[in-house]
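S.K.: fold the following and give me the result.
(2 chains)
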Amino acid sequence: MSSAITKKATGGNRSGAAKIAGVAVMLLLSALAQNTGFFPAVYSSRPLLMIPAVVCTAMTFYEGAGFAAGIFSGLMWDTVSPAPDGIFTLFLGVCGAVCGLLSRYRFRSTFLTSYLFSCAASLVGCVLYCVFRSAPLGSAEFSTAFFAFYLPSFVYTAVVSVFYAAFLHREKIYLP
Amino acid sequence: MKFFSSTGFKIMAAVLCAVLLGMAAAGLSGGDSYVGGLLSVVLSPFEKGAAYIAEFADDLSLNFRSASYYREHNEELESQRDELLRKTADYDDIKNRLEAYEIYTESGNDEFTKVYAQVTGRDSADVCSSMTLGVGTANGVSAGDPVITEEGVFVGIVRRAGVATCTVSTVLDPSVSIGTYDSYSLEAGFIDNGISQSFYGFAVNAGLSSDTLITPGSLILTSGAGGVVPKGLIIGAVSEVRESGEDVSLIAIVQPYAPLNNMKRAFVITDFPGKGEK
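M.R.: Numbers count the residues shown, from 1 in each chain, chains lettered A, B, ... in the order given. This next block holds a predicted model:
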């Protein structure tokens, strides 16, 4: 049963390699776009592309692939971040594994669940970064940073997450 | 749950332990983790390539502006022109300040040992405009080195140096605290930022006396105190002076001259006269 599910999810061996390559390219492009500020800023905020990329990968290909994608994306993020070394590797790795496990055992992997989980993970990521950045400076600075910068960033990410969920579930959306 | 006794779970747990150990080792040594260092070497060419593409896309977008954009831009320029005309009334005062500034900036940029660097990355989630440069310990860069623009304007300080890349905390970052002085009155102060100002692109020059001579338009330079940053690097111009809210001292809101969100290139100062002197 399990292998049948895996086979269905990966589309069989023939197209499996192509899907893995596609996801790898998506992760790499997401990381480069986020780290170079390729997306235009809206109210000074930019989308955190790596979070929906990892979550949607985990929801589609389960915990192993999600964990690997999370570790890879987190390392990419940590190379440019002033946050403590490894914090995003840890965060995205756990995110990928947890979302993959939930997808396998508790929730069906659909466009909607992938999107909602991406939004939830993005919110957690924004709060985590806001805590690191502004919590030591006091509650007033924390609320300013959150409402002025990280909340718009979360909303921007939530909008962009639609495309990630649609890309990884395109067959289920467009085909009956 | 079967998953917790599976090989997959053990592999995940092992990798997470390795990440935690790497974080602890990097935290204790104050440097980059080995994995991060290795990754920065491998990914450096990709990041440089992506930075070139982003720069190209930036230039390309300039060619596709609408007429309304040019009209708004024109109106903005006209308003700036009017403001500049009003400011000519203060010409003598500004001239004096510029002369003072020239004296201090001629004091020795040539004495610095500098490393040229391209801006290869930015953290989209950072409110303080931190950036990554394509130079690292292999180029002689180390944590704590000051970073300047091609024109010699202060940008920030290297927070973490990997083998081929380094992360820079800008002058807007609350973790950057350096000594400053006003080019005209020579009054000393220090940079003490908060997120509220950083978000709008301003730095805070704190520690000013209640009878300060610093006024909007004053030039703020680095004082070189502590031997962290060379003396005489331009930080920016004061846009507003107000009460600190904590005691009787005043603070100056400083508009940095360095284009922190659009920088493409920079210099890392690896050595300068007075480095490390308390």
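
S.K.: what segments of chain A are helices?
M.R.: Secondary structure of chain A by DSSP state H: the helices cover A:2-10, A:12-36, A:50-78, A:87-105, A:111-134, A:139-145, A:151-168, A:170-174.

S.K.: by contact count, what packs against the fourth one?
M.R.: If you count contacts as 3 or more CB pairs under 8 Å, 6 or more residues apart in numbering or on different chains; DSSP states H and E, helix A:87-105 packs onto helix A:50-78, helix A:111-134, helix B:7-29. Yep, even glycine has a C-beta here, placed from its N, CA and C like the rest.

S.K.: buried deepest among those helices, which one?
M.R.: Among the helices and strands packed on helix A:87-105, helix A:50-78 has the highest mean neighbour count (mean count of other CB atoms under 10 Å in any protein chain shown), at a mean of 28.

S.K.: tell me the angle it makes with helix B:7-29.
M.R.: Put simply, helix A:50-78 runs at 40 degrees to helix B:7-29, going by axes from the mean of the first three to the mean of the last three CA atoms, to 10 degrees.

S.K.: is helix A:50-78 positioned near chain B?
M.R.: Yes. Applying CB under 8 Å from any CB of the partner chain, one finds helix A:50-78 touching chain B at A:63-64, A:67, A:71, A:75-78.

S.K.: re earlier: next, format the helices of chain A as TSV and append mean pLDDT.
M.R.: Output for the helices of chain A, formatted as TSV (pLDDT from 0 to 100):
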stretch	mean pLDDT
helix A:2-10	47
helix A:12-36	81
helix A:50-78	91
helix A:87-105	92
helix A:111-134	90
helix A:139-145	84
helix A:151-168	90
helix A:170-174	59
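
S.K.: of the helices and strands packed on helix A:87-105, which is nearest residue B:83?
M.R.: helix A:111-134 (33.4 Å; CB to CB).

S.K.: what angle do the closest one and helix A:87-105 make?
M.R.: Using the same axes, to 10 degrees: helix A:111-134 against helix A:87-105 is 160 degrees.

S.K.: for helix A:111-134, packing partners?
M.R.: With contacts defined as 3+ CB pairs under 8 Å, 6+ apart, helix A:111-134 has these neighbours: helix A:50-78, helix A:87-105, helix A:139-145, helix A:151-168.

S.K.: closest to residue B:175 out of these?
M.R.: helix A:139-145 (13.0 Å).

S.K.: tell me which residues of the closest one come out buried.
M.R.: Neighbour-count burial for helix A:139-145 flags A:141-142, A:144-145 (criterion: 16 or more other CB atoms under 10 Å in any protein chain shown).

S.K.: which of the helices or strands spans the nearest residue to residue B:217 once chain neighbours are set aside?
M.R.: Of all residues not flanking residue B:217 in the chain, residue B:237 sits nearest, at 6.0 Å (CB to CB, 6 or more residues apart in numbering or on different chains). Element membership of residue B:237, judged by DSSP states H and E, is strand B:234-243.

S.K.: who does that strand touch, helix- and strand-wise?
M.R.: strand B:203-208, strand B:219-222, strand B:250-256.

S.K.: quick one: strands adjacent to the shortest one?
M.R.: Strand B:219-222 sits in its sheet next to strand B:179-182 (antiparallel), strand B:234-243 (antiparallel), going by DSSP bridges.

S.K.: let me have those in JSON lines, extended by mean pLDDT, distance to residue B:253 and mean neighbour count.
M.R.: Shown next, in JSON lines, are those (pLDDT from 0 to 100; distance: least, CB to CB, whole Å; neighbours: other CB atoms under 10 Å in any protein chain shown):
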{"stretch": "strand B:179-182", "mean pLDDT": "92", "distance to residue B:253": "13", "mean neighbour count": "23"}
{"stretch": "strand B:234-243", "mean pLDDT": "91", "distance to residue B:253": "4", "mean neighbour count": "17"}
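
S.K.: TSV please, covering the helices and strands packed on helix A:111-134 and showing distance to residue B:256.
M.R.: As requested, these are exported to TSV (distance: least, CB to CB, whole Å):
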stretch	distance to residue B:256
helix A:50-78	26
helix A:87-105	27
helix A:139-145	19
helix A:151-168	22
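
S.K.: quick one, which of these gets closest to residue B:187.
M.R.: helix A:139-145 (26.5 Å).

S.K.: do any residues in that closest one lie close to chain B?
M.R.: Yes. Using CB under 8 Å from any CB, helix A:139-145 reaches chain B at A:140-142, A:144-145.

S.K.: pLDDT averaged over whichever strand or helix holds residue B:84 - what is it?
M.R.: Assessed by DSSP H and E, residue B:84 sits inside helix B:67-87. Across helix B:67-87, pLDDT averages out at 78.

S.K.: now that helix, how far from the centre of its chain.
M.R.: Centroid separation for helix B:67-87 versus its chain: 28 Å, with CA atoms, centre = their mean, to the nearest Å.

S.K.: so which bits of it are buried?
M.R.: Per 16+ other CB under 10 Å, helix B:67-87 contains no buried residues.

S.K.: that helix near chain A anywhere?
M.R.: No. Figure legend: helix B:67-87 not in contact with chain A (CB under 8 Å from any CB); closest approach 13.8 Å.

S.K.: dump the residues of helix A:50-78 next to chain B to CSV, plus distance to residue A:98.
M.R.: Listed next are those as CSV, based on distance: CB to CB, whole Å:
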residue, distance to residue A:98
A:63, 8
A:64, 13
A:67, 9
A:71, 13
A:75, 18
A:76, 20
A:77, 18
A:78, 19
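
S.K.: could you chop chain B up by domain?
M.R.: Domains of chain B are assigned by automatic domain parsing as B:67-105, B:107-278.

S.K.: quote the end-to-end distance of stretch B:184-195.
M.R.: 28 Å (CA to CA, to the nearest Å).

S.K.: can you tell me the centre-most residue of chain B?
M.R.: residue B:170 (2.4 Å; CA atoms, centre = their mean).

S.K.: contacting residues around the nearest residue to that residue once chain neighbours are set aside?
M.R.: Spatial nearest neighbour of residue B:170, excluding adjacent residues (CB to CB, 6+ apart): residue B:156 at 3.9 Å. Contact analysis of residue B:156 by CB atoms under 8 Å, 6 or more residues apart in numbering or on different chains lists B:130, B:146-147, B:168-171, B:173, B:176.

S.K.: since that was my last question, I'll sign off now.
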